[in-house]
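Visitor: let me see the structure of the following:
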Amino acid sequence: MSFLFSSLAVFAQEADTSAVAVADTTDVPAGKVIPLRGAFLTPLQERDSVLVADQLLYGFELKGVTEGTRLVLPGLPEKQDYRLMYLSPWVLDTLNISKAKKGNPRQFDIKGSVLITSFEEGIYDLPQIAVGRMTADGRTDTLVFDPVRLEVKTMPVDTATFVPHDIKGQIRYPLTLGEVLPWVGLFWIVSMLVILVVCLVIMRRRRNDPAFVHKDPAHIVALRKLDQYRGNRLWAPEKQKAFYSGVTDTLREYMAERYGIGAMEMTTAEIFDEMKATDAPKELLAEVNDLFVRADFVKFAKYVASDDDNAAALPVAVRFVTETYQAEIETETDKDGGTE
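Guide: I've put the predicted structure just below:
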């Protein structure tokens with residue numbers, strides 16, 4: 001397995017210590033070879049044996065390295081074998097720094113290591129570690145550390161007693177009250193919110209549905225609107241149009257509701273042609289007709305009505321509503337009496 005490390009003519013890794021500067025190999029002339037012991041192989045997993053895919057630190061330790069010494073570390077192979085793989089570059093660590101006397105360089109204890117692993121069972125002779133060293137005074141040599149043997153094992157399986165088993169299902173623990181209560185509370189909160197939303201929707205629909213909306217009788221609505229035009233504040237010439245429009249429009253709405261005619265879209269003549277067929281008193285219809293004709297003159301011919309006409313307009317409208325309403329009540333009473 002010695003092919004896994006190249007010669008010294010490789011790129012240099014930078015050390016993480018101030019004691020040793022890693023130099024380019026072109027600066028290191030050939031020197032003598034010094035065999036050393038001190039290579040180590042340390043598994044990162046704490047167990048008695050090394051299993052497949054376990055990670056280990058393989059490296060060396062140097063003690064008493066003089067400050068200013070340069071080291072050239074062995075290169076790693078570009079193509080790796082799954083039987084022995086390098087997972088990291090070389091890393092230098094300073095273990096200890098010895099204080100020196102004044103004027104003398106300091107001494108360092110250094111550890112260099114690389115992370116390795118194996119994905120196949122077997123015994124491997126790891127390559128020796130050759131480190132180039134150049135001291136501050138220019139002396140060069142090569143430090144060769146004895147290789148280490150690595151034994152990789154797999155987890156043994158006892159085929160005699162081994163019995164395959166199906167995958168067990170998940171363990172089901174009984175529910176506790178503390179686990180159930182939040183869900184029960186959430187259920188009730190959601191239920192109350194749903195009921196509240198349904199109630200709001202029903203109330204809104206009823207508010208907009210004519211079947212549920214309380215509607216005042218036509219004569220009440222008409223009298224309430226006519227009451228807004230009491231007094232002489234709208235008798236001024238420039239306000240008479242609003243006065244007569246408000247009074248006649250109120251009567252148009254009342255006629256449409258009371259007698260079922262399309263008074264809002266009819267002219268004055270058309271309205272009273274339709275009203276002749278109703279039970280409204282003829283004399284009263286004539287007065288209301290005069291009121292509508294006067295209103296048309298005010299609205300369309302810029303006619304200015306007299307104060308007497310203005311004063312008589314609202315009483316005529318009120319009397320028309322009240323008398324026709326009373327006639328309706330008497331008619332219904334007669335029908336009820338005849339039925340009995």
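
Visitor: need the helices for the stretch 1-150 of the chain, in chain order.
Guide: Counting by DSSP state H, counting those that start in this stretch, no segments of the stretch 1-150 of the chain form helices.

Visitor: in it, where is pLDDT below threshold?
Guide: 1-31 (pLDDT under 70).

Visitor: cutoff 50 now
Guide: 1-30 (pLDDT under 50).

Visitor: could you pull out the strands in it for me?
Guide: Here the stretch 1-150 of the chain has its strands, by DSSP state E, counting those that start in this stretch, at 20-22, 32-36, 40-43, 50-51, 55-66, 69-72, 85-86, 91-98, 107-117, 122-125, 129-134, 140-145, 149-153.

Visitor: how distant is the fifth one from the center of its chain?
Guide: So the one you mean is strand 55-66. Its chain's average C-alpha position is 53 Å from that of strand 55-66, according to C-alpha atoms, centre = their mean, to the nearest Å.

Visitor: then it to CSV, C-alphas only?
Guide: In CSV, the C-alpha atoms belonging to strand 55-66 read as follows (Å, rounded to 0.1, in the frame of the first residue of the first chain):
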residue,chain,number,x,y,z
GLN,A,55,-13.0,7.0,10.8
LEU,A,56,-9.4,7.1,12.1
LEU,A,57,-6.6,9.7,12.5
TYR,A,58,-3.4,8.5,10.9
GLY,A,59,-0.3,10.6,11.5
PHE,A,60,2.9,11.3,13.4
GLU,A,61,4.2,13.3,16.3
LEU,A,62,7.5,15.3,16.5
LYS,A,63,8.9,16.7,19.8
GLY,A,64,11.4,19.4,20.2
VAL,A,65,11.0,21.0,16.8
THR,A,66,13.0,24.2,16.8
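
Visitor: now for it, which elements pack on it?
Guide: If you count contacts as 3 or more C-beta pairs under 8 Å, 6 or more residues apart in numbering; DSSP states H and E, strand 55-66 packs onto strand 40-43, strand 107-117, strand 129-134, strand 140-145. In this view, the C-beta of every residue, glycine as well, is placed from N, C-alpha and C.

Visitor: so which of those is nearest Pro156?
Guide: The closest of the helices and strands packed on strand 55-66 to Pro156 is strand 40-43. By C-beta to C-beta, the value is 18.4 Å.

Visitor: so which of the helices and strands packed on strand 55-66 is nearest Asp158?
Guide: For Asp158, the closest of those is strand 40-43, at 24.6 Å, according to C-beta to C-beta.

Visitor: and that closest one, what does it pack against?
Guide: Against strand 40-43 (3+ C-beta pairs under 8 Å, 6+ apart) you get strand 55-66.

Visitor: dump the residue contacts of Lys63.
Guide: Applying C-beta atoms under 8 Å, 6 or more residues apart in numbering to Lys63 gives the contacts Asp109, Ile110.

Visitor: quick check: which element contains the residue of the chain most remote from its centre?
Guide: Here the centre of the chain is the reference, and by C-alpha atoms, centre = their mean the most remote residue is Glu283, at 75.9 Å. Taking DSSP states H and E as the definition, one finds Glu283 inside helix 282-300.

Visitor: how about that helix as CSV, C-alpha atoms only?
Guide: Extracted C-alpha coordinates of helix 282-300, given in CSV (Å, rounded to 0.1, in the frame of the first residue of the first chain):
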residue,chain,number,x,y,z
LYS,A,282,-114.5,61.8,-6.7
GLU,A,283,-114.4,65.2,-5.1
LEU,A,284,-111.2,64.3,-3.3
LEU,A,285,-109.7,63.0,-6.5
ALA,A,286,-110.5,66.3,-8.2
GLU,A,287,-108.6,68.2,-5.5
VAL,A,288,-105.6,65.9,-5.7
ASN,A,289,-105.7,66.3,-9.5
ASP,A,290,-105.5,70.1,-9.1
LEU,A,291,-102.6,69.6,-6.8
PHE,A,292,-100.7,67.4,-9.3
VAL,A,293,-101.4,69.9,-12.2
ARG,A,294,-100.1,72.8,-10.1
ALA,A,295,-97.1,70.7,-9.2
ASP,A,296,-96.4,70.1,-12.9
PHE,A,297,-96.5,73.8,-13.6
VAL,A,298,-94.1,74.5,-10.8
LYS,A,299,-91.7,71.8,-11.8
PHE,A,300,-91.8,72.2,-15.6
